[in-house]
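> I'll drop the sequence and a predicted model, then ask my questions.
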Amino acid sequence: MKKFTKVILFGILFSIFGYGGFWYSTQASAETYVWSGHWDYTYKMEIRFMNNVTGNTKLRSLVNNGVYDNWNNKTSSINFVSTNSATGRFILVDNVDFSSVTWSGKAEGSSTNWDGSYHYNGVKIKLNEHYLDGYTDWKTLGVVAHEFGHAVGLRHRELNGRGYLMYPNDSRTVNAANSDELGVLKNHYNWHGCQ
Ligand SMILES: [Zn+2]
Ligand SMILES: [Zn+2]
């Protein structure tokens, strides 16, 4: 009984100071580049997205290409799956045509919209045709991939220049996450143990 109590006590202390310390340091090193939000991978490791782009066939297919070619085929950490069902939690992608704003795309909710376990409730990506219609396909794929990067928790990489997908300006020289960003994302989806 006494020994059993010691084991329990050690277990509690380890979880507070041992695992807890590890958890904190891992999170602290990565949090510069990610928000706390992430998708709950306990169910089939799938992140659902709905391509709701209408009236623009080209942009609609570039969204799918950006998701599959520029994300799914680049890393095993992320697995986006298309859905037509507006139930549960998912990433919604819409097109807009706004001349009065400066952004070509945005991912609403990616910096805020999560539950008490930091699991995203949903993210709304908006793609602005006002700018994207004048872009090359390659550049548009970069915007799509950038917004999906936000939607899985990635923040901007201001200081490291144009070689990052999460560079905030569309003059970026890549249109998919680089190895550094994929490493950050891998940590992000490992440290909390969802996988
Ligand atoms: Zn951005
Ligand atoms: Zn989680």
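That came through fine. Ligands and ions are numbered 1, 2, ... in the order given.
> assign Gly163 to helix, strand or coil.
With DSSP: H, G, I helix; E, B strand; the rest coil as the basis, the three-state label of Gly163 is coil.
> let me fix that: Ala145
Strictly by three-state DSSP, Ala145 counts as helix.
> now for it, how many residues are close by?
24 (other C-beta atoms under 10 Å). (C-beta placed from N, C-alpha, C; glycine too.)
> measure it to Tyr68 for me?
Going from Ala145 to Tyr68 by C-beta to C-beta, to the nearest Å gives 11 Å.
> swap in Ser76?
Remark: distance between Ser76 and Tyr68 (C-beta to C-beta) = 14 Å.
> what bridges to Trp114?
Tyr120 (DSSP bridges).
> quick check: it touching Gly122?
No - using C-beta atoms under 8 Å, Trp114 makes no contact with Gly122, being 9.5 Å away.
> compare these two (neighbour count), which wins?
Trp114 (22 against 17).
> of Ser76 and Tyr68, which one has the most company?
Tyr68 (13 against 9).
> quick one: that one is in a helix?
Yes - counting by three-state DSSP, Tyr68 falls inside a helix.
> is it true that it touches Ile78?
No - contact criterion C-beta under 8 Å: Tyr68 and Ile78 do not qualify, at 10.9 Å.
> how far away is Trp35 from Gly122?
According to C-beta to C-beta, Trp35 and Gly122 sit 14 Å apart.
> residue ranges with poor pLDDT in this structure?
Residue ranges of the chain with pLDDT under 70: 1-31, 42-44, 160, 191-195.
> which residue is nearest the middle of it?
In the chain, the C-alpha nearest the mean C-alpha coordinate belongs to Val152, at 1.4 Å (C-alpha atoms, centre = their mean).
> wait, that residue sits on Leu185?
Yes - the criterion here is C-beta under 8 Å, and Val152 meets it with Leu185 at 6.7 Å.
> need the residues touching each of the two.
Ile78 (C-beta atoms under 8 Å, 6 or more residues apart in numbering).
> and for the closest residue to Asp137 other than its chain neighbours, the neighbour number?
Nearest non-adjacent residue to Asp137, counting by C-beta to C-beta, 6 or more residues apart in numbering: Leu62, 6.2 Å away. With neighbours defined by other C-beta under 10 Å, the count for Leu62 comes to 23.
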